[in-house]
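J.: Sharing a model that was predicted from the sequence below.
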Amino acid sequence: MRIKKAFISIILMIPFVLMASAVQDKKTVTITGKVTGDTKGHNNIFYYSSGIPKDSVAITNGQFEITLPFTETYTQLFYTQYEIRGNRSYRPFPLLIDAPGKISIEMNIAEGFFSAKISGLQTTVLFHSFLKQQNDVYKKINDALVSLNGKGWVAPSDPLYGKINTSRDSLTKLYMGGMILDFVRQNKDSFAGVYVLSTAGKGSLDVNQLENALNLLPPEMQKTSEGIKFAAYIMGVKNTRIGSSVKNFVLNDQNGKAFSFEQLKGKYVWIDFWASWCHPCKMAFPKMRELYSKYKDKKFEILGISTDTKIEPWLEALKTIIIPWPQVWDNKKIMSEFAVTAVPTSFLIDPNGKILLKEIGFDPENKGKIEKKLEELFVIK
């Protein structure tokens, strides 16, 4: 997948996640496609979703058809063999599906799914209209960055990196935040509204805006699985503000033994949310081991919390990764209480259990916020 240079190493866990819904009788979603343009012999359409292996279908005489089972609301992701051969990368295209039925796609092979015409299921159509608006806003933001700085994207080592990131954050809140709020207001009675709010909204709106937008939704939308998770996220953001106290939690370690956060009271604690599948998380471990060795005798501890949905991949990872600090598995969704939407995400907690700072991602080129804070706390006087 295409990755912008300015992004710090981080893996988002939210945008296209499988979402729980009421289990229904066995029903299907039929997706038919009409494709124009020269495929140059690259005729496959690939599709997959969370927990479901990738499959493909061939474009034949400019058409394709896919029939999928429907049991619960989810996002189905697509990309073409054409873009892989041409760009050597792809951008997954999501269809938000919340009911059985029919979806029609008309697209030019060179322009791809994001420029396609979608018809059929209302939620699917509305979400696609949001994606088009989102693309327009991203282009507007990037054009503004180029106008301001001469560049839109740079590597972390570039002197312009900090300035461009600050500008991008400001422009995103200005342009993207307003567009998201308008979309939610206009589609508050659709599942597309709550889904956009709970995914794209998290990166563009502050917690007060998110809460106000949630309150715009009718009760039936707030009570959907996505609405309930989103409300929990807002509460998590409030509970993890700097200076907030961390409530005690108990999770099991790799041996099945209960580990209580209260055991670490009186120490500075680095809480590290990670996952076995997360490459940036593993990239951070050598630096973390170095810091752990340096400060472990100074009332300092690290607590690793695995966000893996299944325990087996985490246990397998621990067999090959040297991690000398305590590890637990988050089978109680503690991550939602910390409003964690990406890994790695870290918190530094003081000896009284209060949050000192939060850090998202891992920057291999520079010292992170936690590393700098530890140097400040444990400086030899």
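T.: Arrived safely.
J.: Assign residue 293 to helix, strand or coil.
T.: helix (DSSP: H, G, I helix; E, B strand; the rest coil).
J.: quick one: contacts for it?
T.: By CB atoms under 8 Å, 6 or more residues apart in numbering, no residues touch residue 293. (C-beta placed from N, C-alpha, C; glycine too.)
J.: What of residue 54?
T.: Neighbours of residue 54 in contact, by CB under 8 Å, 6+ apart: 46, 47, 48.
J.: Count the neighbours of the last one for me.
T.: Look at residue 48: counted by other CB atoms under 10 Å, it has 15 neighbours.
J.: can you pull out the helices in the stretch 151-300 of the chain?
T.: Under the criterion DSSP state H, counting those that start in this stretch, the stretch 151-300 of the chain contains helices at 161-171, 177-186, 191-199, 207-216, 219-222, 225-239, 279-295.
J.: May I see those helices arranged in JSON lines, with mean pLDDT as well?
T.: Output for the helices of the stretch 151-300 of the chain, formatted as JSON lines (pLDDT from 0 to 100):
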{"stretch": "helix 161-171", "mean pLDDT": "85"}
{"stretch": "helix 177-186", "mean pLDDT": "95"}
{"stretch": "helix 191-199", "mean pLDDT": "95"}
{"stretch": "helix 207-216", "mean pLDDT": "94"}
{"stretch": "helix 219-222", "mean pLDDT": "96"}
{"stretch": "helix 225-239", "mean pLDDT": "90"}
{"stretch": "helix 279-295", "mean pLDDT": "94"}
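J.: a markdown table for those, including distance to residue 124?
T.: Converted to a markdown table, the helices of the stretch 151-300 of the chain look like this (distance: least, CB to CB, whole Å):
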| stretch | distance to residue 124 |
| --- | --- |
| helix 161-171 | 29 |
| helix 177-186 | 15 |
| helix 191-199 | 8 |
| helix 207-216 | 22 |
| helix 219-222 | 17 |
| helix 225-239 | 15 |
| helix 279-295 | 32 |
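J.: Can you flag which of the contacts of residue 54 belong to helices?
T.: The helices in this structure, assigned by DSSP state H, contain none of these.
J.: My guess is residue 69 contacts residue 30. True?
T.: No. Look at residue 69 against residue 30 with CB atoms under 8 Å: they stay out of range, at 11.1 Å.
J.: okay, the two: which has more neighbours?
T.: Higher neighbour count among residue 69 and residue 30: residue 30, with 15 against 10, using other CB under 10 Å.
J.: and the helix or strand where that one lies, what does it pack onto?
T.: Residue 30 belongs to strand 27-36 when assigned by DSSP states H and E. Here strand 27-36 touches strand 63-70, strand 101-108, going by 3 or more CB pairs under 8 Å, 6 or more residues apart in numbering; DSSP states H and E.
J.: Between those strands, which one is closest to residue 260.
T.: Closest of the helices and strands packed on strand 27-36 to residue 260 is strand 63-70, at 42.0 Å (criterion: CB to CB).
J.: List the buried residues for that closest one?
T.: Burial within strand 63-70, assessed by neighbour count using 16 or more other CB atoms under 10 Å, is assigned to 64, 66, 68, 70.
J.: could I get those as JSON lines with distance to residue 291?
T.: Listed next are these as JSON lines, based on distance: CB to CB, whole Å:
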{"residue": "64", "distance to residue 291": "52"}
{"residue": "66", "distance to residue 291": "49"}
{"residue": "68", "distance to residue 291": "47"}
{"residue": "70", "distance to residue 291": "48"}
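J.: Looking at those, which one is closest to residue 231?
T.: Nearest to residue 231 among the buried residues of strand 63-70: residue 70, at 25.7 Å, using CB to CB.
J.: show me what contacts that closest one?
T.: Contact partners of residue 70, counting by CB under 8 Å, 6+ apart, are 24, 27, 28, 29, 97, 99, 100.
J.: do residue 282 as well
T.: Residue 282 neighbours (CB under 8 Å, 6+ apart): 274, 321.
J.: mind starting the numbering at 744 from now?
T.: Okay, residue one is now 744; in that scheme the one you just asked about reads as residue 1025.
J.: So for the residue nearest to residue 900 when sequence neighbours are not counted, what's the pLDDT?
T.: Nearest residue to residue 900, sequence neighbours excluded (CB to CB, 6 or more residues apart in numbering): residue 1108, at 5.6 Å. Predicted confidence (pLDDT) for residue 1108: 77.
J.: just the one 3 residues further on next, same as before
T.: Looking at residue 1111, its pLDDT reads 91.
J.: go on, residue 807?
T.: Listed pLDDT for residue 807 reads 98.
J.: was I right about it contacting residue 790?
T.: No. Applying CB under 8 Å, one finds residue 807 not in contact with residue 790, separated by 10.1 Å.
J.: Common neighbours of the two, please.
T.: Residues touching both residue 807 and residue 790 by CB under 8 Å, 6+ apart: residue 800.
J.: which one among the contacts of residue 813 gets closest to residue 1037?
T.: Of all the contacts of residue 813, residue 1037 sits closest to residue 840, with 49.9 Å by CB to CB.
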